[in-house]
Every structure is written in structure tokens, then in C-alpha cells.
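[1] sequence plus the predicted model coming up.
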Amino acid sequence: MYDALLSSFRLKHLQLKNRIVSTAHSPGYAEDGMPGLRYQLYHEEKAKGGIALTMFGGSSIISPDSPPSFGQLDTSTDRVIPYFNEFAERIHAHGAGLICQLTHVGRRTHWQSGYWLPVVAPSPIREPAHRSFPKMLEPADISRIIQDFGEAASRCQQGDLDGCEILVSGHLIGQFWTPLINKRHDHYGGSLDNRLRFGLEVLTEIRRRVGQEFIVGIRFSVDDMAEGGIQYDEALEITQRHVDSGLVDYLNIVCGNN
């Protein structure tokens, strides 16, 4: 009865021995923002047990103005690459794949951590959980963060990982997507085309940096489950546009909002 679950699956260049995957999360084992030995051993136990793919680095940060608020990894500098190399060798030895999740958290963090930089978002709307009043992103900020995404993805590739996953839902890209948070009147706000623009520019930059062979996926919500937010019909359009773009290799679907 488990034949389908235990059958192999090919994701681009990556031949998965079954269809059992551990999705990205943050266990709080980072050491100064790096995936040290404890972090790696946690995932190695899954690989030893026969899992085909383990994703790590839930909400790994890519920019200085996206400071960690719950022990995430820091992929914003080249310091992480040797850790990735060691991590990949450890997991690949058991025949499992390894993918890191990358994000800019936008308004979903504290300003009084990391470099104590202003929290940023598409619009200056307060975030309820961390209670931050974000600065509205300016064009220079947007360009810089797009480049930061590309550089972080490149570090994943240089670290011998099999791919990277971009976390959309609840974080900066998703904050651009949803009318609940994006109240802009420039070409990044209003219409669906405009709200999707930033995320597609991020994915375009990532592809420019890592090429077509590296696996790139996105994790996003198909229903904000809140009045005025993204609903299922619009999410279907968003999904189709990303499939048609050729920029992503898989979709990791969730529901709800932060």
C-alpha cells in the first residue's frame, strides 16, 4: 500500500530514492548563524533513516536588514559556504538530497537585533507578532535585496547543495503579493502584475546567478484566509504564472498567513 510513497522521483538532476521529504524549519541549533555540527547531525539522522530529501535552514536570512528572531541561519556572507560544503558531504553520503530555504523576512522580525537596522516592508503597516513599524522599501532597497537573494542562492550552489527554496508566504515577497500589506502606488503595488513583480525579479536574479541546472523552488500560501487577502482563485493565477515563467522547479504549497 506504500508503493507510491516509496517509489523514486526525479527532480531535475536529483534522483530521489523515495518521496519522503522533511520540509524546511528552524530547530534553533544555529551557532552564530551557522549550521554547525549539531545542526548537521540533526539532519543526518533523517538521512540515515532513509529519507530522500531533507530541507534545512527554515527562514534563513539573506540581508542585514532581515535579522533573525528565532535562531535562523545567516546566508548573507561567504562565511556560510564551508559549512554548506561539510553539510552536503555528510548528507549526500547517505544518498539523500539537501536544500536550503532562503528568505527576507520583511516586517516579520525585530529591529533591535542584528545590526539594529530599520525593519522594511512594501508598506509601513505594523506587524502584529513582532510589533515592528516597518520602513517602506525604496527603489534602492529593492535593488539591493534582489541582489542579496541572488548572492545567497549562489552560496548554496558553491556549498554543493542540491538547490534552494525561496520562502514567500508571510515574508517579504509574500508581503508584496498580498493586498493586506502591499498598499503601494508605484509599479510594485496595485495590480497583480505589479504585486508579483518583486518576487519574479528575485527569481530572475537567482537564475542569472545559479543557471538552469540548480534546483529552485518556492513555498507560498494559496489562501491568506483573511478578508481582502489572496484567495484561491487568484492563487491559481499566481501559480500558473510561476509555472509558465520557467524560473522555478517545484512549488511547496501552504495555506494561511502570519
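    Thanks, I have the structure now.

[2] just give the nearest non-adjacent residue to residue 170, would you?
    Using Cβ to Cβ, 6 or more residues apart in numbering and skipping the chain neighbours, the partner closest in space to residue 170 is residue 258 (3.7 Å). Where you see a C-beta, it was placed from the backbone N, CA and C, and this is true even at glycine.

[3] I figured that neighbour hits residue 129, correct?
    Yes - between residue 258 and residue 129 there is a contact under Cβ atoms under 8 Å: 6.7 Å.

[4] tell me which of those two has more neighbours.
    With neighbours defined as other Cβ atoms under 10 Å, residue 258 and residue 129 compare such that residue 258 has more, 17 against 11.

[5] how much space between the more buried one and residue 145?
    Between residue 258 and residue 145 the distance is 19 Å, computed by Cβ to Cβ, to the nearest Å.

[6] can you check residue 25 too?
    Distance check for residue 25 against residue 145: by Cβ to Cβ, it reads 23 Å.

[7] quick check on the two: which one has the bigger neighbour count.
    Set residue 25 next to residue 145 and count neighbours by other Cβ under 10 Å: residue 145 wins out with 24 against 12.

[8] let me see the ranges of the strands in the stretch 101-250 of the chain.
    For the stretch 101-250 of the chain, the strands defined by DSSP state E, counting those that start in this stretch cover 120-121, 135-136, 163-167, 215-221, 250-254.

[9] ok, which of the ones you listed comes nearest residue 84?
    When the strands of the stretch 101-250 of the chain are compared by Cβ to Cβ, strand 163-167 sits nearest residue 84, at 10.5 Å.

[10] name the helices or strands packed onto that closest one?
    Contact analysis of strand 163-167 by 3 or more Cβ pairs under 8 Å, 6 or more residues apart in numbering; DSSP states H and E lists strand 53-61, strand 97-103, helix 139-158, helix 192-210, strand 215-221 as its packing neighbours.

[11] and the contacts of the longest one?
    Outside helix 139-158, the residues within contact range by Cβ atoms under 8 Å, 6 or more residues apart in numbering are 60, 62-63, 65, 75-76, 78, 80-81, 84, 100, 102, 104, 120, 137, 163-164, 166, 172, 188, 198, 201-202, 205-206, 208-210, 214, 216.

[12] repeat for stretch 195-208
    Counting by Cβ under 8 Å, 6+ apart, 122, 142, 145-147, 149-150, 153, 164, 166, 168, 172-173, 176-179, 182, 187-189, 216, 218, 238, 241-242, 245, 247-248 sit against stretch 195-208.

[13] now these: which count as buried?
    Buried positions within those, assessed by neighbour count (16 or more other Cβ atoms under 10 Å), are 122, 142, 145-146, 149-150, 153, 164, 166, 168, 172-173, 176-178, 182, 188-189, 216, 218, 238, 242, 247-248.

[14] residue 7 reaches residue 18, doesn't it?
    Yes - the criterion here is Cβ under 8 Å, and residue 7 meets it with residue 18 at 6.9 Å.

[15] so between those two, which is more surrounded?
    Neighbour count, other Cβ under 10 Å: between residue 7 and residue 18, residue 18 has more, with 17 against 11.

[16] doesn't residue 49 make contact with that one?
    No - Residue 18 lies out of contact with residue 49 (Cβ under 8 Å); the separation is 11.1 Å.

[17] who are the contact partners of residue 180?
    Residue 180 neighbours (Cβ under 8 Å, 6+ apart): 224, 226, 228, 229, 257.

[18] for residue 108, state which of those is nearest.
    residue 257 (10.6 Å).

[19] for the closest one, what are its contacts?
    169, 170, 178, 180, 221, 224, 225, 226, 229.

[20] good, wrapping up.
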